[in-house]
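Student: 3D, please:
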Amino acid sequence: MAYNIDQQINTGSFVPTTNVWDVTRLYETEVNSPEFKELLVRLYQNINNMSLVLNTKVSGYYINEEFVSSKLFYNPNSTNPLDLRPGFVKTINTGALGAGLTAVNHDLGVTATWQWISINGAATDTIGLVGNPIPFVGAAGNIEVSVTSTQVLITNTTGIAFTDSQVTIEYIKY
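Tutor: Okay, here's the model as predicted:
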């Protein structure tokens, strides 16, 4: 159970900015003294804390290539809570959306060991100045999205011809 406690400690963590080191103390401290060794230990601890915090941050890159998001997900095939799977993200430019089905290749080598985590995006009409989320449910029509092993599929029944759209997919491989 110590893992769960440690996991909660790092949730929402930030790099500390209050550690101030008096440089003159470095010059005054004898290299072979216990104080200098204590200083080194504290410096290493601070660097380790910064590394832990930075490694728990989610990266905010939404690019047209597969990118490791720094998110970690549990592994349903393991009883070990430390056996986590890395999350991946890719944003696909799905272009103009007319009425009906639009299919765009995502160029990922999807296998049976992949699991989709999130599929969403937005459609924009730069002429009518309208934007809708993907997926979208409305009284006049919907925008549906799904992902196959090779393509992103979008069905537009809103009656709006969108000039641009993009879909971001998050997934896990194991």
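
Student: any idea what Pro86 is structurally, helix, strand or coil?
Tutor: Following DSSP: H, G, I helix; E, B strand; the rest coil, Pro86 is assigned to strand.

Student: okay, now the closest residue to it other than its chain neighbours: neighbour count?
Tutor: Of all residues not flanking Pro86 in the chain, Val68 sits nearest, at 5.6 Å (Cβ to Cβ, 6 or more residues apart in numbering). Quick note: C-beta positions are derived from backbone N, CA and C, even for glycine. Counted by other Cβ atoms under 10 Å, the residues lying close to Val68 total 11.

Student: Show me what counts as buried in the host helix or strand of Val68.
Tutor: Following DSSP states H and E, one finds Val68 within strand 67-73. Buried positions in strand 67-73, judged by neighbour count with 16 or more other Cβ atoms under 10 Å: Ser69, Ser70, Lys71, Leu72.

Student: hmm, who's touching it?
Tutor: Strand 67-73 is contacted by residues 55-59, 61, 84-90, 117, 170, 172 when judged by Cβ atoms under 8 Å, 6 or more residues apart in numbering.

Student: filter these to the buried ones?
Tutor: Buried among the contacts of strand 67-73 (16+ other Cβ under 10 Å): Thr56, Arg85, Gly87, Phe88, Val89, Lys90, Glu170, Ile172.

Student: got the contact list for the second one?
Tutor: Contacts were defined as Cβ under 8 Å, 6+ apart; by that measure Arg85 touches Leu72, Phe73, Tyr74, Asn75, Ile172, Lys173, Tyr174.
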